[in-house]
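**Student:** I'll drop the sequence and a predicted model, then ask my questions.
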Amino acid sequence: GTHCAGISGARNNGFGVVGVAPDCRLYAVMVMRPVPGGRASGKLSWFLAGMAWAARNRMDVASMSLGSLAATADAPCNAAYERAAQALARVGCFVVSSAGNSYDDPVPPPRRPWVGQPARCPGFMAVAAVDRRRRIAPYSSRGPASLGRLRGVEISAPGSDVRSTWPGGGYRSLSGTSMACPHVAGAAALLKQLRPTWSPSTIRGRLRSSATDLGAPASDPTYGAGLLDCHRMVYGR
């Protein structure tokens, strides 16, 4: 959480790192608990409660670097997640989620390389991770193509070896679509600051239309619309 928060909004204070939207206000909504191995886990009901809190308090952007594997390539979106996302959209909140880190999972158990939950729900903008050479990260979940634009990978952002804030006042480099997700959330915050009346769907469209195309021409199941481009998003060039 601290690492993702720094990516979105670390202050421009002359040391450490600077977030995508350094003047934004951050709200930590804890929906997971630590488990052995430095990881965390949570229940669906906890995630939904966090989204409900964000709706009640009229957040502008919800960044969700979490998720679970989809059982099959074309598994339906979790309806509870989608209802929660639509409730957020109705109060003007734009929702971003990490696509998942399952593409290079070993076999067995059965590989589930595709976009997970809740990222595959239409109400969430699913974010893939790229490295500093603008190549898709080997772990970044993708596809299948049958999911379509609003259910598959929609945009890409830096996710490999990203240096950001760490508990205790330090800094650390981590990799994952969880690191890519807050880049897009920060970009959405910039747009909301620039255009306060813009709806979540308008912000989403602007993020897509200003992205730098990668991979196959136009939108594709690996990179979505392409790499997030904050300069073009704001200045139109």
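**Tutor:** Thanks, I have it.
**Student:** Provide the secondary structure category for the spatially most central residue of the chain.
**Tutor:** Nearest to the mean C-alpha position of the chain, by C-alpha atoms, centre = their mean, lies C181 at 2.5 Å. What DSSP: H, G, I helix; E, B strand; the rest coil gives for C181 is helix.
**Student:** Could I get the pLDDT score of it?
**Tutor:** Here the pLDDT value assigned to C181 is 98.
**Student:** Which residue, other than its chain neighbours, is closest to it?
**Tutor:** Distances taken as C-beta to C-beta, 6 or more residues apart in numbering put S98 closest to C181, at 4.2 Å, once the chain neighbours are dropped. For the C-beta atoms, the positions are set from N, CA and C on the backbone; glycine is no exception.
**Student:** Identify the residues contacting the one you found.
**Tutor:** Taking C-beta atoms under 8 Å, 6 or more residues apart in numbering, we find S98 in contact with M64, S65, L66, G67, A119, A126, V127, G176, T177, S178, A180, C181.
**Student:** Kindly recompute the last result at 10 Å.
**Tutor:** Taking C-beta atoms under 10 Å, 6 or more residues apart in numbering as the criterion, S98 is in contact with 4, 63-67, 115-116, 118-119, 124, 126-129, 140-141, 157, 159, 176-182, 184.
**Student:** Just the residues contacting the lowest-mean-pLDDT helix or strand in the chain, thanks.
**Tutor:** Across the helices and strands of the chain, mean confidence by mean pLDDT, DSSP states H and E is lowest for strand 39-41: a mean of 86. For strand 39-41, the external contacting residues (C-beta under 10 Å, 6+ apart) are G1, M30, V31, M32, R33, P34, V35, L66, S68.
**Student:** Quick one: end-to-end distance for stretch 123-133.
**Tutor:** For stretch 123-133, the first-to-last residue distance is 30 Å (C-alpha to C-alpha, to the nearest Å).
**Student:** let me redo that: stretch 134-141
**Tutor:** Per C-alpha to C-alpha, stretch 134-141 runs 16 Å from first to last residue.
**Student:** and what of stretch 183-202?
**Tutor:** Start-to-end, stretch 183-202 (C-alpha to C-alpha) is 18 Å.
**Student:** Then stretch 57-70?
**Tutor:** 30 Å.
**Student:** quick revisit: surely the residue nearest to the centre of the chain and N101 touch.
**Tutor:** No: using C-beta atoms under 10 Å, C181 is not in contact with N101, being 11.3 Å away.
**Student:** Which residues are in contact with each of these two?
**Tutor:** Contacts common to C181 and N101, judged by C-beta under 10 Å, 6+ apart, are G67, A129, G159.
**Student:** quick one, what contacts the first one?
**Tutor:** This points to G67. For G67, counting by C-beta under 10 Å, 6+ apart, the contacting residues are 47, 81, 97-102, 115-120, 124, 126, 141, 177-178, 181.
**Student:** Grab the nearest non-local neighbour of it.
**Tutor:** G116 (4.5 Å).
**Student:** Give me the pLDDT value at the residue nearest to C181.
**Tutor:** 98.
**Student:** Please name the bridge partners of it.
**Tutor:** On the basis of DSSP bridges, S98 is bridged to V127.
**Student:** quick one: it from M233, how far?
**Tutor:** From S98 over to M233 the distance is 20 Å, taken as C-beta to C-beta, to the nearest Å.
**Student:** all helices for this protein, in order.
**Tutor:** Secondary structure of the chain (DSSP state H): helices at 2-9, 44-56, 79-90, 177-194, 200-209, 230-235.
**Student:** Cool, thanks, talk later.
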